[in-house]
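Chemist: Build me a model:
(one chain, ligands or ions: 1)
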Amino acid sequence: MINYTERIALLMEDICRRTPRLSFIDLREVLVFGRFGRSDAEGAFATCHCLTLPESEPGYYFWRDRDTGELTRRSEWFVTKSPEVRVANTRIKYLISFVLPRFCDQTLERSRKSDLYPADAPPWLAKLDTVIHELYHIDPDAAGIRKLIRADGTDSPRSHGPLFYEEVAEMVTSYLQSRPDPELFEFLNHDFDGLTARYDGVVATTFRNFPSFPQRYMQAVEMPPSEPAIRIEPMKPPTQPVLYTEDDLQMRQFTDQTSRRLTRKGAHRAA
Ligand SMILES: [Zn+2]
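Modeler: All right, here's what the predicted structure looks like:
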């Protein structure tokens, strides 16, 4: 079976080596994982998730009486934090997720990216464009995501203007002109059915709490009481881990309709 996330990670290493604008990226601090998304459904192909956003300022939710507008109750004070992800003793700063099988079935046709490439560009270039696009979101100042971000640390489709897309297309073109080993991106030539037929299955690294993955969470904090007269609703404790390690990684096989866990022990470390 083809380990799709591993192939992407190897390709990313070569891209960062050959692309001056991405050469600052330390890929030991970047983890590639798979999410499920059908090809015939709308949605993202990939997302860059930042784990280095600072803890938020303390805040709380409150409820008002509809008629009088008076505060009736509030939540405990809380802060919003990123979970910690550690793999091989390295703190992961960015997660990049690829949505399978949807990503594999992406082509330049009917894509707004097609305007940025010559008419005879191969359709799979759309996938290389997405890989470089997500890497380009990694902020050289390590302050989050390049350009605007959502409060949860993911990138929003509105977070980049036309220039961002043009710069990505420039990097795609110069990467290919640098004469990389075509073996490294050959897997992008195939759509999901093609890969499944050729390799007898597509597997990817996921997190053990699949379909969940490390995401921002709220944690209650002690603060001096400010509204002693109103009722305080306790915060629910986080339902997902606040620390992830390599033991939380798990290989899953993806099909066009679903995904299932692979039980082979240590599978995520196998080449
Ligand atoms: Zn983006």
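Chemist: Contacts for the helix or strand containing Ala126 next, please.
Modeler: Secondary structure from DSSP states H and E places Ala126 in helix 125-136. Under the criterion Cβ atoms under 8 Å, 6 or more residues apart in numbering, residues 8, 11-12, 15-16, 19, 21-22, 25, 45-48, 96, 103-104, 106-108, 111, 113-114, 116-117, 146, 164-165, 167-169, 171-172, 175-176, 185, 188 lie in contact with helix 125-136. For every residue, glycine as well, the C-beta is placed using N, CA and C.
Chemist: Which of those residues fall within helices?
Modeler: Among the contacts of helix 125-136, the members found in helices (DSSP state H) are 8, 11-12, 15-16, 164-165, 167-169, 171-172, 175-176.
Chemist: Can you flag the buried ones in those residues?
Modeler: Among those, those classed as buried by neighbour count (16 or more other Cβ atoms under 10 Å) are 8, 11-12, 15-16, 165, 168-169, 171-172, 175.
Chemist: can you list those in JSON lines and add distance to Glu70 and pLDDT?
Modeler: JSON lines is the format used below for these (distance: Cβ to Cβ, whole Å; pLDDT from 0 to 100):
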{"residue": "Ile8", "distance to Glu70": "54", "pLDDT": "98"}
{"residue": "Leu11", "distance to Glu70": "58", "pLDDT": "98"}
{"residue": "Met12", "distance to Glu70": "55", "pLDDT": "98"}
{"residue": "Ile15", "distance to Glu70": "57", "pLDDT": "98"}
{"residue": "Cys16", "distance to Glu70": "56", "pLDDT": "98"}
{"residue": "Tyr165", "distance to Glu70": "49", "pLDDT": "91"}
{"residue": "Val168", "distance to Glu70": "52", "pLDDT": "95"}
{"residue": "Ala169", "distance to Glu70": "56", "pLDDT": "96"}
{"residue": "Met171", "distance to Glu70": "56", "pLDDT": "98"}
{"residue": "Val172", "distance to Glu70": "57", "pLDDT": "98"}
{"residue": "Tyr175", "distance to Glu70": "61", "pLDDT": "98"}
